[in-house]
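S.K.: Below is the structure, and that's it, no one-letter string:
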């Protein structure tokens, strides 16, 4: 199946059916596609857990990847709004924040988004984990999505198990009247694309009544973040501009 992004748009909230699903790679890919259309699109990671110690400072890995692959995530004047909460522990936001004595407030998250939206044409927002991940004990990622009110792109695994996770995600989003703009399927393991993946794509489109934006092939270099911007650009162009239908 030829991967192809057909209907990318912004502003957009990018969520997933799980952690480690490929949301950040998809965010960079969508941003690059929009940049090719001449769009001024900022990238935001409201809460980053699992920050990494590099060269004497803490780095938020997702904004770091998107910034290296597609250019600075936002204008310098609003760069602090890109990642309002950077937490060290690789855990759910509510647990990492509690362990690090950090209080996450919805107002601060929304204010950061408004800063970016005022300074740029539009914003891509990447969530942490899936839609029901708790940000605090009484505020979830879905609650944030409702507050921002953006169309949603779901990133899901292409292989076995994705039907249940993805259809439950669709149901959870529609329950609170969020618009689902599309699904991106990511081949998260090196096994070849087969009948299961092909049928999953067709079944999700039919049962979920959501457009399939793209099918992303497995790439260990891209997934690990070890790739260079030039390598990423070549890989992304093959998805944005496929040579075959």
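M.R.: Structure received. Quick caveat, the model's predicted, so the values are computed rather than measured. Numbers count the residues shown, from 1 in each chain.
S.K.: How many residues are close by residue 114?
M.R.: Using other C-beta atoms under 10 Å, the number of residues around residue 114 comes to 14. Using the backbone N, CA and C atoms, a C-beta is placed for each residue, glycine as well.
S.K.: actually residue 138, not the one I wrote
M.R.: Neighbours of residue 138 using other C-beta under 10 Å come to 8.
S.K.: Torsion angles phi and psi at it?
M.R.: Backbone torsions for residue 138, taken as degrees, to the nearest 10, come to phi -130, psi 20.
S.K.: how far away is the spatially closest residue to residue 95 that is not a sequence neighbour from residue 56?
M.R.: The shortest distance from residue 95 to any residue other than its chain neighbours is 7.1 Å, reached at residue 89 (C-beta to C-beta, 6 or more residues apart in numbering). Counting by C-beta to C-beta, to the nearest Å, the separation of residue 89 from residue 56 is 20 Å.
S.K.: Look at the two and report which has more neighbours.
M.R.: The neighbour count for residue 89 versus residue 56, taken as other C-beta under 10 Å, is higher for residue 89 (15 against 5).
S.K.: residues touching that one, list them.
M.R.: Contacts for residue 89 were tallied using C-beta atoms under 8 Å, 6 or more residues apart in numbering; they are 49, 50, 95, 96, 99, 100.
S.K.: where along this structure do the strands fall?
M.R.: 12-16, 41-44, 47-48, 52-54, 57-59, 85-86, 122-126, 134-136, 139-140, 152-157, 180-186, 212-216 (DSSP state E).
S.K.: filter the contacts of residue 89 to the buried ones?
M.R.: Burial by neighbour count, 16 or more other C-beta atoms under 10 Å: within the contacts of residue 89 this picks out 49, 50, 96.
S.K.: rewinding a little: make JSON lines from the strands of the chain and add distance to residue 227 to it.
M.R.: JSON lines is the format used below for the strands of the chain (distance: least, C-beta to C-beta, whole Å):
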{"stretch": "strand 12-16", "distance to residue 227": "19"}
{"stretch": "strand 41-44", "distance to residue 227": "17"}
{"stretch": "strand 47-48", "distance to residue 227": "20"}
{"stretch": "strand 52-54", "distance to residue 227": "17"}
{"stretch": "strand 57-59", "distance to residue 227": "17"}
{"stretch": "strand 85-86", "distance to residue 227": "23"}
{"stretch": "strand 122-126", "distance to residue 227": "18"}
{"stretch": "strand 134-136", "distance to residue 227": "30"}
{"stretch": "strand 139-140", "distance to residue 227": "32"}
{"stretch": "strand 152-157", "distance to residue 227": "18"}
{"stretch": "strand 180-186", "distance to residue 227": "15"}
{"stretch": "strand 212-216", "distance to residue 227": "14"}
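S.K.: now the farthest one out in this protein, which residue is it?
M.R.: Checked against the mean C-alpha position of the chain, the extreme residue using C-alpha atoms, centre = their mean is residue 56, at a distance of 27.3 Å.
S.K.: how close does that one sit to residue 102?
M.R.: When distance is defined by C-beta to C-beta, residue 56 is 21 Å away from residue 102.
S.K.: what do you get for residue 125?
M.R.: Distance of residue 125 to residue 102, computed by C-beta to C-beta: 20 Å.
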